[in-house]
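quick one, fold the following:
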Amino acid sequence: MTEYDVEVLKAEVRQELKLIRRMQNELRMKITSIDAGSSVYLLRRVALLEAHIREMRDRDERRRARSAEQGAIVQ
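The predicted structure follows:
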């Protein structure tokens, strides 16, 4: 994996995180305007989105570690 590939992956992850954060903020705004029963569902959705963000960050860290290992092997 080249440095360019790593940069492309990082850019893709950043874009995905921006989208997830925007969705998260939209859901939080909706929660304030909906009755209690529906807000429980939305809170679960927010929790799922937060878990997805953590998963994406972990995946990005693993990619970085892998590319660092490959870079060390090449050198």
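
nearest residue to the residue nearest the centre of the chain other than its sequence neighbours?
The residue lying closest to the centre of the chain (CA atoms, centre = their mean) is I53, at 3.1 Å. Take I53 and drop its neighbours on the chain: the residue closest to it by CB to CB, 6 or more residues apart in numbering is I20, 5.4 Å away. Any C-beta I mention is one placed from the backbone N, CA and C, and that applies to glycine too.

ok, now V6?
Computed as CB to CB, 6+ apart, the closest residue to V6 that is not its neighbour in sequence is S67, at 4.8 Å.

check D5 too.
Leaving aside its sequence neighbours, D5 sits nearest to S67 (CB to CB, 6+ apart; 7.5 Å).

which residues sit in contact with that neighbour?
Contact analysis of S67 by CB atoms under 8 Å, 6 or more residues apart in numbering lists M1, E3, D5, V6.

what mean pLDDT does the helix or strand containing it have?
Secondary structure assignment for S67, by DSSP states H and E: helix 36-74. Helix 36-74 carries an average pLDDT of 83.

use 483 as the first number for this chain going forward.
Understood, numbering begins at 483; the last thing we discussed is helix 518-556.

show me which positions of that helix end up buried.
Buried residues in helix 518-556, counted by 16 or more other CB atoms under 10 Å: S521, L524, V528, L531, M538, D542, R545, S549.

wait, isn't the fifth one in contact with Q497?
No. Counting by CB atoms under 8 Å, M538 stays clear of Q497, with 10.5 Å between them.

give me the common contacts of the two.
Common neighbours of M538 and Q497, counting by CB under 8 Å, 6+ apart, are absent.
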